[in-house]
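Engineer: Could you look at this predicted model? Sequence included:
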Amino acid sequence: MIMKNLIFKTAIYAIIIMIASCSGQNALEKYNCKILKTEPMNMIKKTIYIQIPKQLTEVQLKEIATKMRNENKEYEKLFIFYLLPDMTIGSEAWATTHYNTELEINIIGATKKEEGAMKTSTSPEGEIIGKWYDKTSYMEHSVIIFKVNEQFKIKETYKDGSIIEKDLEYSKTNGRSKFTYKNDFGEYLLIEHDGRLGQYDKDGLISTADKME
């Protein structure tokens, strides 16, 4: 009986180890990620760029980072950058998991929870002209353009919970609604023909925000 229990416990332990190992081995596939580029430097450090399809949790990032660490043990330092689909290498990253010594996880962009909070920001009183979400890295925010007593206004909600409201001046240009506001850079907003909200300055397009229902 003792021998049977020992064999049973050993088998269970082996299964647990195997499941944990497979989970680590398949972390990229599990979260539908792919390696975009690797940059090794001698045997001291290596940089890895990984594309992720959407925001991941800290636990998921740690799982991927652990897999990368296990596969690159020969490097003293490992730097991993995570890019969302619309991001490019060298310009920005949504998150990082760096092994300088110990693992350091840093989520730079908006998390799924933060994005949800911005998108569900309370609508102001008045006539709603439109709602948009700007996912520009580091500056993610929701935009609501509305009108109160013939005065156009804008409400911007950022991931830290801060809210900015300001008055707008309305006009039409090439069939598009244009909104200007006080600033020193010639910035203005245009509702594009496809419904997106474009932010411009005197040099051209700065960013676009997707329309929300």
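Structural biologist: Nice, I can see it.

Engineer: Can you pull the poorly scored residue ranges out of this protein?
Structural biologist: The chain contains residues with pLDDT under 70 at 1-25.

Engineer: Can you give the domain ranges for it?
Structural biologist: 31-107, 113-211 (automatic domain parsing).

Engineer: hang on, residue 63 in a helix?
Structural biologist: Yes. According to DSSP: H, G, I helix; E, B strand; the rest coil, residue 63 belongs to a helix.

Engineer: That one contacts residue 29, doesn't it?
Structural biologist: No. Using CB atoms under 8 Å, residue 63 makes no contact with residue 29, being 11.8 Å away. Glycine gets a C-beta too; all of them are placed from N, C-alpha and C.

Engineer: Would you mind telling me which of the two has more residues around it?
Structural biologist: Remark: of residue 63 and residue 29, residue 63 carries more neighbours, 20 against 9, as counted by other CB atoms under 10 Å.

Engineer: Which of the residues in stretch 26-43 are classified as buried?
Structural biologist: Going by neighbour count (16 or more other CB atoms under 10 Å), the buried part of stretch 26-43 is 27, 28, 31, 33.

Engineer: Please report the separation between the first and final residues of that stretch.
Structural biologist: 25 Å (CA to CA, to the nearest Å).

Engineer: Residue 115: which element?
Structural biologist: Using DSSP states H and E, residue 115 sits within helix 112-119.

Engineer: Show the subsequent helix or strand relative to that helix.
Structural biologist: strand 127-134.

Engineer: What's the first helix or strand after that next one?
Structural biologist: That would be, after strand 127-134 and using DSSP H and E, strand 141-148.

Engineer: Name every strand pairing with that following strand and say which way it goes.
Structural biologist: strand 127-134 (antiparallel), strand 151-158 (antiparallel) (DSSP bridges).

Engineer: how about the last one: buried residues?
Structural biologist: Read that as strand 151-158. 152, 153, 154, 155, 156, 157, 158.

Engineer: how much does that strand deviate in direction from helix 112-119?
Structural biologist: With axes from the mean of the first three to the mean of the last three CA atoms, to 10 degrees applied, the angle from strand 151-158 to helix 112-119 works out at 170 degrees.

Engineer: Show me what whichever helix or strand comes after strand 151-158 is in contact with.
Structural biologist: Using DSSP H and E, the next helix or strand after strand 151-158 towards the C-terminus is strand 163-173. Outside strand 163-173, the residues that touch it by CB atoms under 8 Å, 6 or more residues apart in numbering are 121, 124, 145, 151-158, 177-182, 189-190.
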